[in-house]
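Peer 1: Would you be able to build a 3D model of this:
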Amino acid sequence: MSQMAVMRDSNRLAELETFLAVTDAGSFSAAARLRGMTPSAVSRMMTRLEQRLGALLLKRSTRKLQVTDEGQRFARRAAEILEALAAAEREAGCGNIAGIVRIATSSAYANHILSRILGPLLREYPELTVELVIGDLVSDLYSEAIDLAVRAGPLPDSSIVARSLGRSELVDVIGSAHANDPDPIQGGFSYGRRDRIWSVQTAQLKATDGNTLAMMAVHAGVRVRAGLFVVADEIADGRLVRLDSGSPPAHEEFHVLYLGQAKALPRRVSIVLDHIVKFGRVDQPRGEGPMRNRPCAVQAISLAVTSTSRFA
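Peer 2: Next up, the predicted model:
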């Protein structure tokens, strides 16, 4: 195959991926953020695609973008083509999975879940880099360069796609040395949580990070509410004691979020997404993690961690 033919085929694949990004995101600007392009470049590519096909796929106006009937049919076929291509690549072997996947997540989930499951994945794909953006506040997948976000609690209605990571039981705990204190120090979040199960009337010690609150319970004798997956080890070894909250058992849903359709995600992102969904459940018993020996495994890990209060 000539070099020009290879370039033409690559451009056609890019057109399909970009067109699906536009239909999923609903605008050129949102699709541009997903694809790492400028809105004008996305617009020009869509114009070239329509000219090549001889069909109007998108109706453009100053206020909204509408997919035509022809565009909807083309989108379905394009998704099938990309899904078939991804399946063929998976069947061919491990493949060359490379690049950076940025995950916005809380410190608690990173320390108690991701720390246990990322090693085998990164050894299997030595050219893959995972960057953890740590913080308890909600990230904006549209405006920030985030591929995946782990979020706890109720989900807003949006075009963001969510896959379940299970339900975490919430428990009230305190350091074992302070278990009998009649009036313990109360800890809580320093920002408002949407779910009322986190409401604390008079928190004397506050933090933006749930993992920090859990450690305050261990070392400072602070009474806190935490996800069981965060404090399970400390309860098991006797450093923390569960307290009776006086309320019915409470649980919190966890999800991993992303933009667009899973079948249109870059391979590097879908690999990490599937791994987290399979092994990163907050209600999964300890010890049930990914296999340590995989056929493509090598001894190399690429992991970057960024701490910021803007993401969760």
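
Peer 1: pLDDT averaged over the longest strand anywhere in the chain, what's the number?
Peer 2: When the chain is parsed with DSSP state E, its longest strand is strand 161-175. Mean per-residue pLDDT for strand 161-175: 91.

Peer 1: Against which helices or strands is it packed?
Peer 2: Counting contacts by 3 or more C-beta pairs under 8 Å, 6 or more residues apart in numbering; DSSP states H and E, strand 161-175 packs against strand 148-152, helix 210-220, strand 222-227, helix 228-236, strand 240-243, strand 250-258, helix 267-279. Yep, even glycine has a C-beta here, placed from its N, CA and C like the rest.

Peer 1: Would you indicate which residues of the second one are buried?
Peer 2: Using 16 or more other C-beta atoms under 10 Å as the test for burial, helix 210-220 gives 210-218.

Peer 1: how about the strands of the chain, start to end?
Peer 2: Listed in chain order, the strands of the chain (DSSP E) span residues 58-60, 65-67, 99-105, 128-134, 148-152, 161-175, 185-189, 205-207, 222-227, 240-243, 250-258, 303-307.

Peer 1: Reformat the ones you listed as CSV; add distance to Leu118 and mean neighbour count.
Peer 2: Converted to CSV, those look like this (distance: least, C-beta to C-beta, whole Å; neighbours: other C-beta atoms under 10 Å):
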stretch, distance to Leu118, mean neighbour count
strand 58-60, 39, 14
strand 65-67, 37, 15
strand 99-105, 9, 21
strand 128-134, 6, 21
strand 148-152, 12, 24
strand 161-175, 14, 18
strand 185-189, 26, 20
strand 205-207, 25, 17
strand 222-227, 19, 26
strand 240-243, 26, 17
strand 250-258, 13, 19
strand 303-307, 7, 12
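
Peer 1: Export those to JSON lines and append columns for distance to Phe28.
Peer 2: Below are the strands of the chain laid out as JSON lines (distance: least, C-beta to C-beta, whole Å):
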{"stretch": "strand 58-60", "distance to Phe28": "9"}
{"stretch": "strand 65-67", "distance to Phe28": "7"}
{"stretch": "strand 99-105", "distance to Phe28": "23"}
{"stretch": "strand 128-134", "distance to Phe28": "26"}
{"stretch": "strand 148-152", "distance to Phe28": "23"}
{"stretch": "strand 161-175", "distance to Phe28": "20"}
{"stretch": "strand 185-189", "distance to Phe28": "38"}
{"stretch": "strand 205-207", "distance to Phe28": "41"}
{"stretch": "strand 222-227", "distance to Phe28": "40"}
{"stretch": "strand 240-243", "distance to Phe28": "51"}
{"stretch": "strand 250-258", "distance to Phe28": "20"}
{"stretch": "strand 303-307", "distance to Phe28": "29"}
